[in-house]
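Undergrad: quick one, structure for this:
(chains A, B, C, D, E and F)
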There are 4 protein chains.
Amino acid sequence: MLSIDPRSREPIYRQIMNQIKEQVARGILKVDDKIPSVRELSTQIVVNPNTVSKAYQELEREGIIVTMRGKGTFIAEQVPEEILVKDIESVKTKLKQVVLEGHYAGIEKEVMQDWVAWYYKQFGGKS
Amino acid sequence: MLSIDPRSREPIYRQIMNQIKEQVARGILKVDDKIPSVRELSTQIVVNPNTVSKAYQELEREGIIVTMRGKGTFIAEQVPEEILVKDIESVKTKLKQVVLEGHYAGIEKEVMQDWVAWYYKQFGGKS
Amino acid sequence: MLSIDPRSREPIYRQIMNQIKEQVARGILKVDDKIPSVRELSTQIVVNPNTVSKAYQELEREGIIVTMRGKGTFIAEQVPEEILVKDIESVKTKLKQVVLEGHYAGIEKEVMQDWVAWYYKQFGGKS
Amino acid sequence: MLSIDPRSREPIYRQIMNQIKEQVARGILKVDDKIPSVRELSTQIVVNPNTVSKAYQELEREGIIVTMRGKGTFIAEQVPEEILVKDIESVKTKLKQVVLEGHYAGIEKEVMQDWVAWYYKQFGGKS
DNA sequence: GTGGTCTAGACCACA
DNA sequence: GTGGTCTAGACCACA
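TA: Next up, the predicted model:
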């Protein structure tokens, strides 16, 4: 279900978060879909249960998933109104950084914009 | 010269690195320009000399600056041939992540592409 | 495990690096072997943890070891393709210097070549 | 006469030392040849006079050159008997390190030995 | 003056 | 427990 790289500089709990988010964005995981329990997932991807637990807690805080006691964990209904200015600012800061690095690596503006379009298409599964 | 936010989650030494890179990209710092000594900068931005030193060492490893023993530290000539596929892959991975987050935050593709163009204009100062 | 000479002109962190490299080359440390944690090694060889940490970070950058967050540090799989012309040039420059010094010290060519053979045998443990 | 790289990690005074030694080894500089004064050389290669001075002091300590007050600095007669065990040990240690690095870079034993022979031929000018 | 190395020790994120 | 970052400050080689 998920593929984790324990050697990556990206924390494992964030890899889990991002991959679940990505699957939601792509429409692979849909609202009310059940996701594996902490134990299941942790044995599946051979990761410390604490790590999976942390990922789930963060995802819940972000409103991506909901845990229902005794029943399991599910993809939450998205609440678009909750979009915060803070998130947008965060995205802009990160984008600026990426553009800076891309610029350094000699990537042309048009190429970068094409990549943006490509990834949007990838994540368009939701609509 | 630089503005550091000690509360940020981004390590201080990386903030220093990024801001210097940005100034080079914008053309504010040019090839052979001298940058402040470790001590100078550390007192200026109220940060431990070791932290500045770490930033400078990383920048040197990346080929952004060169230090000349006992003389100081200078902006290096860029070596475009050194651009590695690795860098490009890194940029793509990060961009994908940013697009994912932007998508979540409800930012439209066109808006994101405009931002890309905007930042490119900002960093185009070099040419 | 390692023997450090704090009086040497060679920085301690480089002594650590070289000895670990040597143990890998000799086959004493093998791929996926765990090496001591920063704290362990630093108490063992009576050196500041920062110094060990610096050595480990450099080794990681060189691809000799990998660290897995919160788990520890391990000998990496070697990636022979990464061998760069730069490394070879560096070896040649250093060898030239050593030969120059040897020549000055009155060491005969054949003796020096024998030593090369001898050290190769020492480091051949890997195969 | 000498070519200095101020960006190198090798201290400038050592670059000066090594190049003079090399020229002696190759027979370009011969016993009793006059070498430039500190001032001359420092303006020629655009280096701080202190740096040249340090190089000359070290070379004198090693017996490579002699300074005669008011007359200038000259290549000394070599005193082969002065060869110290210490020097030989130093060469062996450095050679070991170079072989280790060469081994890492995938250089074959025979290749390294050929290089040794080659450099010996270069420095054979003296004989 | 300039950067490099090191100690001593704190706090934090992560697993 | 494990490594990463940071402060405070010392000492050294080099130019």
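
Undergrad: domain assignment for chain A?
TA: The record's domain parsing of chain A by automatic domain parsing lists A:12-78, A:83-126.

Undergrad: quick one: the longest one to chain centroid distance?
TA: Distance of domain A:12-78 from its chain centroid, counting by CA atoms, centre = their mean, to the nearest Å, is 10 Å.

Undergrad: ranking helices and strands of chain A by mean pLDDT, which lands last?
TA: helix A:85-104 (a mean of 86; mean pLDDT, DSSP states H and E).

Undergrad: and that one, what other elements does it pack with?
TA: Packing partners of helix A:85-104 (3 or more CB pairs under 8 Å, 6 or more residues apart in numbering or on different chains; DSSP states H and E): helix B:12-26, helix B:85-104, helix B:109-123. C-beta here means a position set from N, CA and C on the backbone, and glycine is covered the same way.

Undergrad: how about the last one: buried residues?
TA: Right, the one you point to is helix B:109-123. Buried residues in helix B:109-123, counted by 16 or more other CB atoms under 10 Å in any protein chain shown: B:109, B:112-113, B:115-116, B:119-120, B:123.

Undergrad: cool, and the longest one?
TA: For helix B:85-104, the neighbour count (16+ other CB under 10 Å) marks B:87-88, B:91-92, B:94-104 as buried.

Undergrad: do it and DNA strand E meet?
TA: No - under the criterion of CB under 7 Å from any atom of the strand, DNA strand E is not reached by helix B:85-104; the shortest gap measures 14.3 Å.

Undergrad: hmm, who's touching that helix?
TA: For helix B:85-104, contacts defined as CB atoms under 8 Å, 6 or more residues apart in numbering or on different chains pick out A:18, A:21-22, A:25, A:87, A:90-91, A:94-95, A:97-98, A:101-102, A:104-105, A:107, A:112, A:115-116, A:119-120, A:123, B:112.

Undergrad: and the residue positioned nearest the centre of chain A, how close does it get to chain C?
TA: For chain A, A:N18 is the residue whose C-alpha lies nearest the centre (CA atoms, centre = their mean; 2.5 Å). Between A:N18 and chain C the computed distance is 16 Å (CB to the nearest CB, to the nearest Å).

Undergrad: what pairs with the residue nearest to A:G72 when sequence neighbours are not counted across the strands?
TA: Leaving out its chain neighbours, the residue that sits closest to A:G72 by CB to CB, 6 or more residues apart in numbering or on different chains is A:K34, at 5.2 Å. Applying DSSP bridges to A:K34 gives these bridge partners: A:F74.

Undergrad: residues near A:K34, how many?
TA: By other CB atoms under 10 Å in any protein chain shown, 13 other residues sit near A:K34.

Undergrad: distance check, it against A:T73.
TA: Separation of A:K34 from A:T73 (CB to CB, to the nearest Å): 7 Å.

Undergrad: check A:R39 too.
TA: For A:R39, the distance to A:T73 (CB to CB) stands at 11 Å.

Undergrad: neighbour count winner among these two?
TA: Using other CB under 10 Å, the more surrounded residue of A:R39 and A:T73 is A:T73, with 19 against 11.

Undergrad: what about A:S53, neighbour count?
TA: Look at A:S53: counted by other CB under 10 Å, it has 15 neighbours.

Undergrad: next one: A:R26
TA: Per other CB under 10 Å, the neighbour tally for A:R26 reads 14.

Undergrad: so where's chain A shaky on pLDDT?
TA: Flagging of chain A using pLDDT under 70 yields the residue ranges A:79-86, A:125-127.

Undergrad: chain C contacts on chain A?
TA: Counting by CB under 8 Å from any CB of the partner chain, the positions of chain A adjacent to chain C are A:6-7, A:11-12.

Undergrad: mind checking how far the closest residue in space to A:I45 that isn't next to it in sequence is from A:A55?
TA: Leaving out its chain neighbours, the residue that sits closest to A:I45 by CB to CB, 6+ apart is A:I4, at 5.1 Å. To A:A55, A:I4 is 10 Å away according to CB to CB.

Undergrad: still on that earlier bit, can you pull the contacts of the residue nearest to A:I45?
TA: A:12, A:15-16, A:45, A:47.

Undergrad: 7 Å instead?
TA: A:12, A:15, A:45, A:47 (CB atoms under 7 Å, 6 or more residues apart in numbering or on different chains).

Undergrad: for the first one, grab the count of nearby residues.
TA: Read that as A:I12. Applying other CB under 10 Å, we find 21 other residues in the vicinity of A:I12.

Undergrad: wait, it sits on A:N48?
TA: No - using CB atoms under 7 Å, A:I12 is not in contact with A:N48, being 8.2 Å away.

Undergrad: nearest to DNA strand F: which residue in chain A?
TA: Nearest residue of chain A to DNA strand F: A:R9, at 8.5 Å (CB to the nearest atom of the strand).

Undergrad: tally of neighbours for that residue?
TA: Per other CB under 10 Å, the neighbour tally for A:R9 reads 7.

Undergrad: now do it against chain B, distance only.
TA: A:R9 sits 10 Å away from chain B, taking CB to the nearest CB as the criterion.

Undergrad: does that residue sit in a helix, a strand or a coil?
TA: A:R9 carries the three-state label coil when classified by DSSP: H, G, I helix; E, B strand; the rest coil.

Undergrad: tell me the phi and psi of it?
TA: Dihedral angles of A:R9 (phi, psi; degrees, to the nearest 10) stand at phi -80, psi -20.

Undergrad: what of A:G72?
TA: phi 130, psi -170.

Undergrad: so how many other residues sit close to it?
TA: Under the neighbour criterion other CB under 10 Å, A:G72 is assigned a count of 13.

Undergrad: one step back: now, which of the buried residues of helix B:109-123 sits nearest A:R61?
TA: For those, the closest approach to A:R61 (CB to CB) belongs to B:M112, at 24.6 Å.

Undergrad: I'd say that closest one and A:V116 touch.
TA: Yes - between B:M112 and A:V116 there is a contact under CB under 7 Å: 5.2 Å.

Undergrad: quick one: name whatever helix or strand follows the helix or strand encompassing A:Q57.
TA: In this assignment (DSSP states H and E), A:Q57 forms part of helix A:49-61. Toward the C-terminus, helix A:49-61 is succeeded by strand A:65-68 as the next helix or strand (DSSP H and E).
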